[in-house]
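*Asks:* Below is the structure, and that's it, no one-letter string:
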């Protein structure tokens, strides 16, 4: 039995995440078009398809993908992040992964 993201019960969620990604891209000085925002949303959805994450965790993964795209992050680093998310067994591991990426005191 696999758990798939079922935000269909929350129709505003889909739109809300996309609007947030759009606003964040503007704030970061690199406004994205609707197609790019949709692609980031779809990538996050695919990465988390094996879990049932909260909207916040979903948004954090999508936001990380957005930042990676806007900063022209090395493809190897993006691939590493994607693989790490896919290997997470639960939402807590995804949150810990994201925290570890942004932790400034990392060795």
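*Replies:* Ah, there it is. These numbers come from a predicted model, not from an experiment.
*Asks:* low-scoring stretches of this protein, by residue?
*Replies:* 1-11, 104-107 (pLDDT under 70).
*Asks:* residue ranges of the helices in this protein, please?
*Replies:* 11-27, 34-47, 55-70, 75-87, 91-102 (DSSP state H).
*Asks:* Most tightly packed of those?
*Replies:* helix 55-70 (a mean of 19; mean count of other C-beta atoms under 10 Å). For the C-beta atoms, the positions are set from N, CA and C on the backbone; glycine is no exception.
*Asks:* That one to helix 91-102, inter-axis angle?
*Replies:* Counting by axes from the mean of the first three to the mean of the last three C-alpha atoms, to 10 degrees, helix 55-70 lies at 30 degrees to helix 91-102.
*Asks:* tell me what helix 55-70 is packed against?
*Replies:* helix 11-27, helix 34-47, helix 75-87, helix 91-102 (3 or more C-beta pairs under 8 Å, 6 or more residues apart in numbering; DSSP states H and E).
*Asks:* Count residues in the vicinity of the residue lying closest to residue 70 once chain neighbours are set aside, would you?
*Replies:* Computed as C-beta to C-beta, 6 or more residues apart in numbering, the closest residue to residue 70 that is not its neighbour in sequence is residue 30, at 4.8 Å. Residues within reach of residue 30, counting by other C-beta atoms under 10 Å, total 14.
*Asks:* From residue 73, how far out is residue 30?
*Replies:* Noted for residue 30: a distance of 13 Å to residue 73, by C-beta to C-beta, to the nearest Å.
*Asks:* same deal with residue 85?
*Replies:* Taking C-beta to C-beta, one finds residue 85 at 15 Å from residue 73.
*Asks:* about what we covered before: which among the helices and strands packed on helix 55-70 is found nearest to residue 62?
*Replies:* In terms of C-beta to C-beta, the element of these nearest to residue 62 is helix 34-47, at 3.9 Å.
*Asks:* any residues touching the closest one, and which ones?
*Replies:* 5, 14, 17-18, 21-22, 25, 32, 58, 61-62, 65-66, 69, 82, 85-86 (C-beta atoms under 8 Å, 6 or more residues apart in numbering).
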